[in-house]
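J.: Let's see this in three dimensions:
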Amino acid sequence: MDKVFIEALEIECVIGIYDWERRIRQPIVLDIEMGFDNRRPAASDAIGDTIDYGDVASICREIAQSGEYQLIESLVEAIACAILAKFPVSDVRLVCRKPGAVPRARCAGVSIHRSRVDD
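T.: Numbering: from 1, shown residues only. Purely as a prediction, here's the structure:
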């Protein structure tokens with residue numbers, strides 16, 4: 001299966017479980033990889049036949065910046081569900097990094113893989 005991806009999408013959002021985290025915006029970094037058959041857009045050379053990176057990034061930003069999530073696990077699950085609902089992709093892999101979450105570590109985060117056949 002072909003892949004369409006966005007690497008290192010930086011988003012400032014309210015994320016975290018502590019009171020102080022709920023009062024500030026913190027960076028997260030998303031890697032998004034979507035399974036998609038690229039033969040049709042390759043043949044047509046038309047944006048309407050492919051996955052628009054800008055639309056995917058906008059949905060990710062909108063969900064992350066809603067401020068509803070405390071855990072990045074919940075955030076990435078919501079993003080994965082939205083991508084699967086709005087785009088004709090077979091599956092989505094998301095890696096979400098939260099820089100500075102753990103002292104003396106570059107980042108902490110989660111990685112998930114969801115597909116249309118998942119329950």
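J.: Pass me the low-pLDDT residue ranges in the chain, would you?
T.: Applying pLDDT under 70 to the chain flags the ranges 118-119.
J.: Show me the strands in it, by range?
T.: 3-13, 26-35, 91-99, 107-115 (DSSP state E).
J.: Let's have these in CSV, adding distance to residue 78 and mean neighbour count.
T.: C-beta here means a position set from N, CA and C on the backbone, and glycine is covered the same way. Shown next, in CSV, are the strands of the chain (distance: least, CB to CB, whole Å; neighbours: other CB atoms under 10 Å):
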stretch, distance to residue 78, mean neighbour count
strand 3-13, 12, 15
strand 26-35, 12, 19
strand 91-99, 10, 20
strand 107-115, 11, 15
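J.: In terms of secondary structure, what does the longest helix seen in the chain contact?
T.: Taking DSSP state H as the assignment, the helix of the chain that covers the most residues is helix 72-86. Helix 72-86 is packed against strand 26-35, helix 53-64, strand 91-99, strand 107-115, with contacts defined by 3 or more CB pairs under 8 Å, 6 or more residues apart in numbering; DSSP states H and E.
J.: neighbouring contacts of that helix?
T.: 15, 28, 30, 32, 34, 55-56, 59-60, 63-64, 69, 89, 91-92, 94, 96, 98, 109-110, 112, 114-116 (CB atoms under 8 Å, 6 or more residues apart in numbering).
J.: Please determine how far residue 59 is located from residue 17.
T.: Applying CB to CB, to the nearest Å, the value for residue 59 to residue 17 is 24 Å.
J.: and these two? which has more neighbours close in?
T.: Taking neighbours as other CB atoms under 10 Å, residue 59 and residue 17 compare with residue 59 leading, 18 against 8.
J.: ok, now which ones touch the more buried one?
T.: By CB under 8 Å, 6+ apart, the neighbours of residue 59 are 79, 82, 83, 86.
J.: what's the neighbour count on the third one?
T.: When neighbours are counted by other CB under 10 Å, residue 83 registers 22.
J.: Show the contacting residues for the closest residue to residue 50 other than its chain neighbours.
T.: Excluding its sequence neighbours, the residue lying closest to residue 50 (CB to CB, 6 or more residues apart in numbering) is residue 41, at 3.6 Å. Listed by CB under 8 Å, 6+ apart, the contact set of residue 41 reads 47, 49, 50.
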